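Peer 1: got a structure for you, letters missing:
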């Protein structure tokens, strides 16, 4: 009887030891998970990297696995809701002056794309259809801003082309204006005068003078001939 009791006590002690060991392992796993998640910050710039490190934890006990699974599920919902609200706050109304600022829109697009990236990474284990539904409003915002950026870019290009055209026209007009207002210098005028032909009036005077001299000589000659003829005629008469 005494031996049986001792045997039962031994079994109970062994079972107790096993339970104690299991409890200790559970506690260790839970502590390991808690230590890994205690500093997790949903607003951290390294949230995706931090999340992946937590996902890589490998608890071996049921308590440790449950603790990790509960954290991942609840935190994923918190992160999704937090960033979805953050994305909606980045919306810009069409009537807002910032909607005409391309740089502001491009910055908003970058922020929204970052938010989608975070939500997708946090919910990587979730159903993809459900994930697309969660990110749909954010994606619509991105599309809205991208369309406006394209519109503003086209306006800038049109304005730039108009400016270039105006500058070209002004350049041609200035060139024509400068050419029409050109005044020859003294040297250019003097050189042109020396190289030009003798004016018609001066040529006429010279020709007239030459002609007058020739006519005088011819007249003199004719007078001499006439006088000679007259003398010869008188001589025959005598």
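Peer 2: Structure received. Keep in mind that this is a model prediction, so the values were computed, not measured.
Peer 1: from here on, just use CA atoms for contacts and neighbour counts.
Peer 2: Fine.
Peer 1: tell me which element residue 66 is part of?
Peer 2: helix 62-88 (DSSP states H and E).
Peer 1: got the contact list for the helix or strand following that helix?
Peer 2: Moving toward the C-terminus from helix 62-88, the next helix or strand (DSSP H and E) is helix 102-122. Contacts with helix 102-122, where a contact means Cα atoms under 8 Å, 6 or more residues apart in numbering, come from 47-48, 51, 76, 79-80, 83-84, 87, 90, 98-99, 131, 135, 138-139, 142, 145-146, 148-149, 152-153.
Peer 1: picking that back up, report the angle between the axes of the helix holding residue 66 and helix 102-122?
Peer 2: In terms of direction (axes from the mean of the first three to the mean of the last three Cα atoms, to 10 degrees), helix 62-88 departs from helix 102-122 by 160 degrees.
Peer 1: buried residues in helix 62-88, which are they?
Peer 2: 63-65, 67-68, 72, 75-76, 79-80, 83-84, 87 (16 or more other Cα atoms under 10 Å).
Peer 1: end to end on stretch 40-47, go ahead and measure it.
Peer 2: Stretch 40-47 has its terminal residues 8 Å apart, counting by Cα to Cα, to the nearest Å.
Peer 1: name the SS class of residue 40, please.
Peer 2: At residue 40 the chain is in coil, as set by DSSP: H, G, I helix; E, B strand; the rest coil.
Peer 1: cool, and residue 44?
Peer 2: State at residue 44, reduced to three classes by three-state DSSP: coil.
Peer 1: equivalent analysis for residue 124, please.
Peer 2: Assignment for residue 124 (three-state DSSP): coil.
Peer 1: for residue 87, give its distance to residue 24.
Peer 2: Applying Cα to Cα to residue 87 and residue 24 gives a distance of 44 Å.
Peer 1: kindly apply the preceding question to residue 155 instead.
Peer 2: Between residue 155 and residue 24 the computed distance is 69 Å (Cα to Cα).
Peer 1: got it, and residue 101?
Peer 2: Applying Cα to Cα to residue 101 and residue 24 gives a distance of 60 Å.
Peer 1: do residue 62 as well
Peer 2: 12 Å.
Peer 1: where does pLDDT dip in the protein?
Peer 2: In the predicted model, the chain carries pLDDT under 70 at residues 1-18, 163-238.
Peer 1: go with 50
Peer 2: 5, 186, 188-190, 192-238 (pLDDT under 50).
Peer 1: contacting residues around stretch 32-46?
Peer 2: Taking Cα under 8 Å, 6+ apart as the rule, stretch 32-46 contacts 47, 50-51, 54, 57, 59, 64, 67-68, 79.
Peer 1: quick one: residue 118 from residue 147, how far?
Peer 2: 23 Å.
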